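only geometry, no sequence info:
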């Protein structure tokens with residue numbers, strides 16, 4: 001992504017020796033960045049486009065390792081010159097992207113601005129992958145709220161640029177073989193990847209330890225090109241074509257359902273290895289990758305990678321949600337066109353003069369200073385809570401409250417509320433202890449909308465009830481269901497049904513994040529429970545849905561109604577319309593099926609709107625995002641379930 005294209009299309013008079021410029025590698029870069037943009041813009045059609053990042057990793061590993069191997073072996077390597085080059089290559093475009101993002105943040109929610117400040121600081125410090133790794137989880141904000149999410153890959157590359165030259169310098173002084181150290185790191189990193197992709201998929205995706213093998217594939221190719229070129233294919237069209245087919249296959253077959261990188265990561269990386277190793281003169285490299293369009297896109301691939309995602313983010317925030325599908329598609333295409341224009345301007349007006357023109361000998365220190373200022377600005381934005389002092393204290397108290405930490409504990413995330421990567425074997429301690437006081441047993445079954453009822457039920461039912469919570473993120477209690485991104489869901493529901501058949505609880509409560517379509521599938525689960533002679537079956541309906549989340553809705557309401565002395569107790573502003581219809585339809589179904597129905601919607605909503613809070617403290621709002629109840633909201637709702645229906 002950020003390694004020099006050989007010596008670039010421009011002459012470079014620095015003393016470090018560069019590999020000969022190959023336009024076909026820039027063409028390959030063009031394919032990689034187009035794949036990533038396709039994935040971000042039209043994910044339904046380019047589900048595997050994110051493998052473009054893996055192509056970039058191999059290219060960077062090849063070009064940087066070529067520079068390092070040659071110059072260490074010639075005793076001509078200079079750390080100062082190497083890092084000055086990296087600064088002039090990486091910093092200009094990154095500064096141009098980070099600065100507008102931080103300015104744009106003044107217009108968004110203080111909580112989002114605070115998060116953006118953290119991400120700007122992480123991007124400026126090249127640790128974005130660690131920042132996003134720490135944030136990842138079921139309740140993490142979606143990608144659409146993170147304009148700098150794509151910088152995770154830049155973080156890994158920069159960590160490679162820091163680590164790899166230092167390690168090779170040590171090896172060179174101790175006369176250790178470069179090939180040996182390259183292979184050792186590659187195998188160790190790949191093994192780490194295979195372990196983490198099963199044990200902790202988020203870590204496997206973001207950790208440099210599970211990603212360095214991809215850069216080492218490029219390093220291996222660099223070593224073979226320099227020292228074992230006779231072992232590489234000589235301008236072999238079939239080798240390059242095979243690599244090209246592997247890359248295309250990876251874009252077509254890999255998706256978010258696949259454990260990645262894992263073994264699937266070999267498709268784009270080995271494909272890239274084969275394409276580059278076949279040389280620039282074979283038919284595929286000469287006719288396809290050497291085309292003017294792909295080479296031109298490759299030359300601006302780094303600024304294009306940086307610009308495209310923030311611009312798509314802004315388009316989604318400002319206009320796309322208001323448009324029909326046709327107009328939204330046109331707006332996305334316009335956003336991509338704007339990204340290309342900005343990238344070309346960045347390359348021609350900023351990058352070329354700094355890297356190859358009159359500014360190249362005096363640009364390093366100003367660039368470092370500018371990046372340091374951006375890092376500091378990001379830290380200040382984060383520490384000031386997005387400069388929240390601009391808004392009423394009541395609103396900021398809600399926006400600043402750490403609902404996520406409280407929720408993870410009360411939902412029992414990771415033990416009785418499983419994360420997406422967890423299977424049923426990881427349920428642990430989900431049944432309250434038996435005691436002589438217990439007169440009945442209750443099972444709470446469903447997804448996060450079952451888990452958010454647990455704080456209310458455990459408080460309302462008391463010690464005389466044995467309560468079991470078997471819930472999983474994004475996995476409604478619908479038998480046989482297969483959901484994207486939830487590969488364990490079917491097995492989890494089968495496990496719960498097996499638990500019911502063995503434990504035979506007195507009461508089973510079914511709850512989920514119901515939509516207009518999926519709630520109709522609950523009949524199969526109800527039928528199976530009746531076959532198991534469960535006589536007390538309770539179906540819980542939907543809760544109100546607040547567009548962009550209740551805290552955000554309250555903030556926007558307060559911003560638009562500055563003359564009102566306090567936040568409203570009930571509100572229709574940003575309230576979804578589908579839930580009322582779902583609630584009525586589910587109530588009718590429950591009556592016809594002969595089961596009990598519990599309606600959070602009717603408890604929270606009336607003709608004047610839906611409750612926003614059940615107390616005057618920040619943690620007393622009803623929901624902490626669009627639909628998930630806070631602990632206070634959960635207790636309020638459950639305490640008001642019809643006493644004739646309550647277990």
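Received the coordinates, thanks. For clarity, every value in this text was computed on a predicted model and none was experimentally measured.

other SSEs contacting the worst-scoring helix or strand of the chain on mean pLDDT?
None of the helices or strands of the chain scores lower by mean pLDDT, DSSP states H and E than helix 393-400, at a mean of 81. Applying 3 or more Cβ pairs under 8 Å, 6 or more residues apart in numbering; DSSP states H and E, one finds that helix 393-400 makes contact with helix 110-124, helix 550-560. Using the backbone N, CA and C atoms, a C-beta is placed for each residue, glycine as well.

quick one: contacts of it?
Contact with helix 393-400 is made by 109-111, 385, 388-389, 551, 554-555, 558, 566-567, 617-618, 621, as judged by Cβ atoms under 8 Å, 6 or more residues apart in numbering.

what's the longest helix along the chain packed up against?
Assignment by DSSP state H gives helix 79-104 as the longest helix of the chain. Helix 79-104 sits against helix 110-124, helix 151-173, helix 301-318, helix 352-356, helix 364-383, with contacts defined as 3+ Cβ pairs under 8 Å, 6+ apart.

again, only using 6 Å
Counting contacts by 3 or more Cβ pairs under 6 Å, 6 or more residues apart in numbering; DSSP states H and E, helix 79-104 packs against helix 110-124, helix 301-318, helix 352-356, helix 364-383.

could you list the buried residues of the shortest one?
This points to helix 352-356. Neighbour-count burial for helix 352-356 flags 352, 354, 355, 356 (criterion: 16 or more other Cβ atoms under 10 Å).

how close does the residue lying farthest from the centre of the chain sit to residue 315?
What lies farthest from the middle of the chain is residue 436; by Cα atoms, centre = their mean that is 47.3 Å. Residue 436 is 62 Å from residue 315, where distance means Cβ to Cβ, to the nearest Å.

what of residue 245?
Going from residue 245 to residue 315 by Cβ to Cβ gives 34 Å.

and residue 59, by the same measure?
Going from residue 59 to residue 315 by Cβ to Cβ gives 29 Å.

higher neighbour count, the two?
Legend: neighbour count by other Cβ atoms under 10 Å for residue 59 and residue 315, higher for residue 59 (27 against 20).

helix or strand for that one, just tell me which one.
helix 52-73 (DSSP states H and E).

give the buried residues for that helix.
Buried residues in helix 52-73, counted by 16+ other Cβ under 10 Å: 52-72.

ditto for stretch 630-645
630, 631, 632, 633, 634, 635, 636, 637, 638, 640, 641.

residues in contact with the first one?
Residues near residue 630 by Cβ atoms under 6 Å, 6 or more residues apart in numbering: residue 624.

do a quick rundown of the strands in this protein.
Applying DSSP state E to the chain gives strands spanning 417-418, 440-446, 465-472, 507-511, 536-540, 570-571, 596-598, 605-606, 609-611.

closest one to residue 47 among those strands?
Ranking the strands of the chain by their distance to residue 47 (criterion: Cβ to Cβ) puts strand 465-472 first, at 23.6 Å.

who's in contact with that closest one?
Contacts with strand 465-472, where a contact means Cβ under 6 Å, 6+ apart, come from 416-418, 430-432, 438, 440-446, 450-451, 454, 458, 461, 492, 496.

buried ones among those residues?
416-418, 430-432, 441-446, 450-451, 454, 458, 461, 492, 496.

now this protein, which segments are flagged as low pLDDT?
Low-confidence segments of the chain, defined by pLDDT under 70: 5-15, 137-144, 234-235, 321, 517, 643-647.

show me how the record splits it into domains.
23-388, 404-544+577-604+630-639 (automatic domain parsing).

can you redo these as JSON lines with distance to residue 3?
Conversion of these to JSON lines gives the following (distance: least, Cβ to Cβ, whole Å):
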{"stretch": "domain 23-388", "distance to residue 3": "4"}
{"stretch": "domain 404-544+577-604+630-639", "distance to residue 3": "32"}
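
nearest to residue 562, of those domains?
Proximity to residue 562 (Cβ to Cβ) singles out domain 23-388 among these, at 15.6 Å.

how far does that closest one stretch from one end to the other?
Domain 23-388 has an end-to-end distance of 49 Å (Cα to Cα, to the nearest Å).

from the middle of its chain, how far away would it be?
Centroid separation for domain 23-388 versus its chain: 15 Å, with Cα atoms, centre = their mean, to the nearest Å.

how about the helices in the stretch 501-647 of the chain?
Ranges of helices in the stretch 501-647 of the chain, per DSSP state H, counting those that start in this stretch, are 522-531, 550-560, 578-593, 600-604, 631-639.

in the first one, what's buried?
This points to helix 522-531. 522, 525, 526, 529.

neighbouring contacts of stretch 360-367?
So stretch 360-367 is contacted by 84, 87, 88, 91, 354 (Cβ under 6 Å, 6+ apart).

need phi/psi at residue 207.
Residue 207 has phi and psi values of phi -80, psi 140 when expressed as degrees, to the nearest 10.

can you count the residues close to it?
19.

what does residue 447 give?
Residues near residue 447, counting by other Cβ under 10 Å: 26.

verify the stated contact: it with residue 478.
No: between residue 447 and residue 478 there is no contact under Cβ atoms under 6 Å: 9.7 Å.

buried residues in stretch 38-55, which are they?
With burial defined by 16+ other Cβ under 10 Å, the residues of stretch 38-55 counted as buried are 38-41, 46-55.

got it, and stretch 266-284?
By neighbour count with 16+ other Cβ under 10 Å, stretch 266-284 contains the buried residues 266-280, 282, 284.

now, which of the residues you listed lie within helices?
Here DSSP H is the test, and the buried residues of stretch 266-284 give 266, 267, 268, 269, 270, 271, 272, 273, 274, 275, 276, 277 as lying in helices.

and of those residues, the nearest to residue 331?
Taking Cβ to Cβ as the measure, residue 331 lies nearest residue 268 of those, at 29.5 Å.

tell me the contacts of residue 208?
When contacts are counted by Cβ under 6 Å, 6+ apart, residue 208 touches 156, 159.
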